[in-house]
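[1] sequence unknown, structure follows:
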């Protein structure tokens, strides 16, 4: 098992990613190829006492794609960018999966141009796990493609259902279409056209429209939307979780002596809540629909998140998620052709 890790183009620089890799090889017993500026990476490995770790190797990449650059243009012109070199390792089967916390746009572009889509997949989709009252809800698409056709959202539902089953161990996952109301007649042109496709699809357990508040309730396992809506929902949820924890802390600190005593008593419970809401616990989001496991992390990811993302990448390889997606998309495409012929 060998995971490619793009260590460049992040908010904190390579130091957190290299540390995350050092932690990951010890916990998951996998090999990690660190892709980026070789002198910098080797110096960091030395500082962490891991310069002789046999499971860690370095692949030099002389260029970096920044957050401000146009993803498609940068991927095509910067042939030696770390994300491009890492993706080529995946394409050439030198690595089994990839983890990146650089530019999301550049990661998606590199996956499309250098790795390629699974046959039959119209658009890749980012699947993001979100904590709910009963476990985890998968939201997709959360940013791979801001616009989506109804047939793309149907494929998102199929791929998201497979993700929930294989990666989260949810049997017969419930799939909902994100909308402004539960009624079938509600929504914009996109959701109104998507609803009947999901309703007729035999590969998923479709439960109808769901609203934004249902994502965290735990009464749906997979929530389907386009990338624009999904990214807004994701960022709003992250901001709200952080704000709530901060407001609780401020209320305790500013509430006087009794509030502080109460805060001490509930501190273990609050620590558990913080851990449950922590996005670093999930590590990264899986780009579904490309030919190998490709995980995208926050640009602000620290070592813990990178370690967990590498662990998720190992799981994705072991559970053959890309092969399963290829099988079900082929079945869905074949069924559509049969229906089209009958019509």
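    Ah, there it is. Everything numeric in this text was worked out from a predicted model, so none of it was measured.
[2] which stretches of the stretch 151-300 of the chain form helices?
    Counting by DSSP state H, counting those that start in this stretch, the stretch 151-300 of the chain has helices at residues 189-200, 227-253, 257-277.
[3] Would you mind finding the most buried of those helices?
    helix 189-200 (a mean of 17; mean count of other C-beta atoms under 10 Å). C-betas here are computed from N, CA, C, even on glycine.
[4] between that helix and helix 227-253, how big is the angle?
    100 degrees (axes from the mean of the first three to the mean of the last three C-alpha atoms, to 10 degrees).
[5] Next, count neighbours for residue 92.
    Neighbourhood size, residue 92 [other C-beta atoms under 10 Å]: 9.
[6] cool, residue 160 as well?
    Neighbours of residue 160 using other C-beta under 10 Å come to 25.
[7] Now do the contacts for the nearest residue to it once chain neighbours are set aside.
    Nearest non-adjacent residue to residue 160, counting by C-beta to C-beta, 6 or more residues apart in numbering: residue 222, 4.1 Å away. Contact analysis of residue 222 by C-beta atoms under 8 Å, 6 or more residues apart in numbering lists 137-138, 140, 157, 160-161, 163-164, 173-176, 204.
[8] let's see 6 Å
    For residue 222, the contacting residues are 138, 160, 161, 164, 173, 175, by C-beta atoms under 6 Å, 6 or more residues apart in numbering.
[9] Quick one: residues contacting the residue nearest in space to the middle of the chain.
    In the chain, the residue lying closest to the centroid (C-alpha atoms, centre = their mean) is residue 285, at 0.8 Å. By C-beta under 6 Å, 6+ apart, the contact set of residue 285 is 126, 128, 296.
[10] Give me the pLDDT value at it.
    For residue 285, the pLDDT comes out at 91.
[11] For it, give the beta-bridge partners.
    Assessed by DSSP bridges, residue 285 has beta-bridge partners residue 296.
[12] residues touching residue 124, list them.
    144, 287, 289, 290.
[13] I meant residue 31, not that one.
    2, 55.
[14] Just the pLDDT for it.
    pLDDT, residue 31: 95.
[15] now do residue 311
    pLDDT, residue 311: 94.
[16] Hmm, residue 28 and it touching each other?
    Yes: using C-beta atoms under 6 Å, residue 311 is in contact with residue 28, at 5.2 Å.
[17] re earlier: present the helices of the stretch 151-300 of the chain as a markdown table; the columns should include mean pLDDT.
    Putting those into a markdown table (pLDDT from 0 to 100) gives the following:
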| stretch | mean pLDDT |
| --- | --- |
| helix 189-200 | 94 |
| helix 227-253 | 84 |
| helix 257-277 | 75 |
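[18] show me where the stretch 101-250 of the chain has strands.
    In the stretch 101-250 of the chain, the strands defined using DSSP state E, counting those that start in this stretch lie at 125-131, 136-140, 174-178, 205-210, 222-224.
[19] so which of the ones you listed gets nearest residue 301?
    Closest to residue 301 of the strands of the stretch 101-250 of the chain, according to C-beta to C-beta: strand 125-131, at 13.5 Å.
[20] how about low-confidence regions in the stretch 101-250 of the chain?
    Applying pLDDT under 70 to the stretch 101-250 of the chain picks out no residues at all.
[21] Out of the helices of the stretch 151-300 of the chain, which is closest to residue 183?
    helix 189-200 (10.2 Å).
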